[in-house]
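Visitor: build the 3D model from these lines:
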Amino acid sequence: MNIDRRSVLGFGALLALGSAGAARATTYMRPDYYVYFEHTSDVLPPTALRVIDETKPMFDSWAAESKQPARFLLSGSIDGAEAGGHLQDLMARRVEAVRKALVERGVNPAQISTAPRYDGEFAWFRNGEVQPLARAVHIQLP
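Guide: Numbers count the residues shown, from 1 in each chain. Predicted coordinates for the structure are as follows:
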């Protein structure tokens with residue numbers, strides 16, 4: 001099966017916006033977002049920047065409703081084709097790119113923490129296999 005990378009990035013944005021829509025409709029439901037990257041890249045694509053632009057207002061809204069502090073937990077993952085040798089630090093570089101973008105958008109750096117690796121739904125990978133949904137940084141409330 002041949003997957004166009006633009007389709008995958010668009011699907012990632014749809015997933016992120018879908019989770020944000022659910023957060024708006026349900027009181028106290030914690031929002032979470034996925035920011036997807038190109039293969040072997042730590043550069044935020046335009047779709048990812050749009051997701052990040054929506055993250056802070058949604059987290060602030062959740063914090064105001066729930067009376068909880070707006071803190072951000074960032075964790076990364078790579079796909080199986082990126083799992084070898086020098087690319088292992090790619091997760092950390094992707095997490096740092098998202099952290100920097102959040103800070104540029106007004107998030108206090110003290111509100112951001114990072115986890116070494118995302119162990120959620122899209123974190124699995126098979127060595128050598130390209131898995132676009134695994135190339136992500138997960139943004140959530142801890």
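
Visitor: beyond the lowest-mean-pLDDT helix or strand in the chain, next helix or strand please.
Guide: Lowest mean confidence among the helices and strands of the chain (mean pLDDT, DSSP states H and E): helix 5-25, at a mean of 49. For helix 5-25, the succeeding helix or strand toward the C-terminus, using DSSP states H and E, is strand 32-36.

Visitor: who does that next one pair up with?
Guide: Strand 32-36 sits in its sheet next to strand 136-140 (antiparallel), going by DSSP bridges.

Visitor: quick check: mean pLDDT of the partner strand?
Guide: Throughout strand 136-140, pLDDT has a mean value of 86.

Visitor: just the CA atoms of it, as CSV, please.
Guide: Only the C-alpha atoms of strand 136-140 are listed here, as CSV (Å, rounded to 0.1, in the frame of the first residue of the first chain):
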residue,chain,number,x,y,z
ALA,A,136,4.9,12.4,16.4
VAL,A,137,5.1,14.4,19.5
HIS,A,138,2.1,14.0,21.9
ILE,A,139,1.0,17.1,23.8
GLN,A,140,-1.1,16.4,26.8
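
Visitor: buried residues, that strand. List them.
Guide: 136-140 (16 or more other CB atoms under 10 Å). Using the backbone N, CA and C atoms, a C-beta is placed for each residue, glycine as well.
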